[in-house]
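Q: Here is a sequence with its predicted model. Questions after.
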Amino acid sequence: MWYSGPTLNLVGGEWTAEADSWIDVNDPSTQRLLTRVPSTSQKEMTRVVDKAQDAFLEWRDVSVLRRQAVMLQ
């Protein structure tokens, strides 16, 4: 595998990266660059946590069968 571009954060259904710098992710067996990930800012990390909390509240009472159906679509 080779570098195919940066990997962004998925926040609330949107791909985003509010970062001033990027972190290289290398294949440990070959040291080839796989991707770059954002060094996520505190502001964006707070947004990530807030969206995760919202999703938890939305999905916590959803049945396992319904969750499975969503994952297998």
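A: That came through fine.
Q: Show the contacting residues for Val11.
A: Listed by Cβ atoms under 8 Å, 6 or more residues apart in numbering, the contact partners of Val11 are 44, 47-48, 51. In short, each C-beta sits where N, CA and C put it, glycine included.
Q: which among the residues you listed gets closest to Leu8?
A: Of all these, Leu8 sits closest to Glu44, with 10.6 Å by Cβ to Cβ.
Q: Can you tell me the closest non-neighbouring residue to that closest one?
A: Spatially, and ignoring its direct neighbours in sequence, Glu44 is nearest to Glu18 (4.4 Å; Cβ to Cβ, 6 or more residues apart in numbering).
Q: okay, that neighbour: pLDDT?
A: Glu18 carries a pLDDT value of 86.
Q: Quick one: buried ones out of the contacts of Val11?
A: The neighbour count (16 or more other Cβ atoms under 10 Å) marks 44, 47-48 as buried among the contacts of Val11.
Q: Including secondary structure and pLDDT, could the residues you listed go into a markdown table?
A: As requested, these are exported to a markdown table (DSSP: H, G, I helix; E, B strand; the rest coil; pLDDT from 0 to 100):
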| residue | secondary structure | pLDDT |
| --- | --- | --- |
| Glu44 | helix | 90 |
| Arg47 | helix | 92 |
| Val48 | helix | 92 |
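Q: Could I get those residues in CSV, plus columns for distance to Ala55?
A: Below are the buried ones among the contacts of Val11 laid out as CSV (distance: Cβ to Cβ, whole Å):
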residue, distance to Ala55
Glu44, 16
Arg47, 13
Val48, 11
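Q: Against Phe56, how distant is Leu65?
A: Per Cβ to Cβ, to the nearest Å, Leu65 is found 19 Å from Phe56.
Q: which ones are touching Asp24?
A: Contacts for Asp24 (Cβ under 8 Å, 6+ apart) come out as 33, 36.
Q: Please report phi then psi for it.
A: phi -70, psi 140 (degrees, to the nearest 10).
Q: The spatially closest residue to Ile23 that is not a sequence neighbour: neighbouring residues, count only.
A: Nearest residue to Ile23 in three dimensions, chain neighbours excluded: Val37, at 5.2 Å (Cβ to Cβ, 6+ apart). Burial of Val37 is recorded as 16 neighbouring residues (other Cβ atoms under 10 Å).
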